[in-house]
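Peer 1: mind folding the following:
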Amino acid sequence: MNWDEVIRKTYERSRKLGVPNINYEDGYVIFSVAYMTAISFKKLYAIDAGAGVGFSTVWVIKALRNSKVDGKIYAIEEEPRRFNYLRELVENYNFQDIVIPIKGDALENVKKIEDLNFVFIDIDKHLYLDFFNLVKDKVKVGGVVLAHNVNYTWGTIREFLEEASRGNWITAVVPTSEGISISLRVA
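Peer 2: Modelled structure (predicted):
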């Protein structure tokens, strides 16, 4: 598979449709952390919350395929048009064996998913803290939660970063143009 082509086409589709999405530098962070997580656990069970048309999901898929371990990616998107393109991406590239596209609210759907070791959050910014509180006990020790746009103080981003730096969690922010946090569950 030509990953550069898959990534480029997905990025272009997202831009053409005016879908807010991560940029390439954030994609490389997602890929790197997902790959290391997959290798460390010898599996990758992931959520991409706010998957859009699948640009962030593609980076996680690439990490899973390159690591050659078992896994699943739950790609959650609420907006119907974006979800249709996400589902089309999964079908066109035959990712059905590892990606489960879920149409609906991320907070409601995360309640049904267990056994996680990688989570990427890029939903409405006022929901970051609520989403983290729902997922933090579902992530295995050594697992990670990444969040996008953390250079900003929109919504509950500040509160999320504070919560993701307490107790069983430590957090670092990668200084990309929009900021991506990496929170590691240590206990």
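
Peer 1: what's the spacing between the spatially most central residue of the chain and Phe55?
Peer 2: Centroid-nearest residue in the chain: Phe120, 2.6 Å away (criterion: C-alpha atoms, centre = their mean). Phe120 sits 11 Å away from Phe55, going by C-beta to C-beta, to the nearest Å. Just so you know, the C-beta spots here come from the backbone N, C-alpha and C atoms, and that holds for glycine as well.

Peer 1: paired strands for the helix or strand harbouring the residue nearest to the centre of the chain, with orientation please.
Peer 2: Taking DSSP states H and E as the definition, Phe120 sits inside strand 116-121. When sheet partners are counted by DSSP bridges, strand 116-121 sits next to strand 43-49 (parallel), strand 139-148 (parallel).

Peer 1: before we move on, the earlier item: model confidence for the residue nearest to the centre of the chain, exactly?
Peer 2: In this prediction, Phe120 carries a pLDDT score of 98.

Peer 1: how far away is it from Ala51?
Peer 2: Between Phe120 and Ala51 the computed distance is 9 Å (C-beta to C-beta).

Peer 1: what's the answer for Val144, then?
Peer 2: In terms of C-beta to C-beta, Val144 sits 17 Å off from Ala51.
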